[in-house]
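**Q** give me coordinates for this.
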Amino acid sequence: MKENPTIQDPFAEEPKDNNAVFVYCKLPAGLILPTPTGKVKLRGVNESRIVDANGEKSYGITKGLPEQWDYIARVYGSLPAFHTVPPAIYAEDSRAAGDERAEEEGDNVETGLEQMDIEADQTAQKAGLKPLVR
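**A** Residues are numbered from 1 along each chain as shown. Below is the predicted model of the structure:
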């Protein structure tokens, strides 16, 4: 039986803030990306500590080394999440800059993975779908 590969936690090395990059990810469950040093997990909304104006979780934040981000941006930068406007995945050199950008852009990011509003969706209404909780 094949063992599960280890997922690298960028926080394990805990780089100092002046030698760190902060990666912000709006995807619901984040993203696990293979790199030469192992798999790196970008934390998603489900692990978010940032709350938007509506009281909903906004971005997952992963603190890592600049070399890791350089590799991820170079190899995986063509993924759609990097190219939404504003981007669903981006990095900043400081937590303050990343948080400010998340506040400015967070409500406008659409990943295509948002929960469907079945009350507003005509197809759902025709199918007779109703919300589980009101």
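**Q** only C-alpha atoms for contact and neighbour calcs from this point on.
**A** Noted.
**Q** tell me where this structure has strands.
**A** 7-8, 21-25, 31-35, 38-42, 60-64, 89-92 (DSSP state E).
**Q** can I get these in CSV with distance to D107?
**A** CSV is the format used below for those (distance: least, Cα to Cα, whole Å):
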stretch, distance to D107
strand 7-8, 30
strand 21-25, 13
strand 31-35, 20
strand 38-42, 20
strand 60-64, 14
strand 89-92, 14
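**Q** quick one: pLDDT of the nearest residue to G44 once chain neighbours are set aside?
**A** Of all residues not flanking G44 in the chain, G30 sits nearest, at 3.5 Å (Cα to Cα, 6 or more residues apart in numbering). Looking at G30, its pLDDT stands at 90.
**Q** lowest average pLDDT across the strands of the chain?
**A** If you rank those by mean pLDDT, strand 7-8 sits at the bottom with a mean of 52.
**Q** got any ranges where the chain has weak pLDDT?
**A** 1-18, 49-57, 113-121, 124-125, 129-134 (pLDDT under 70).
**Q** all set now, cheers.
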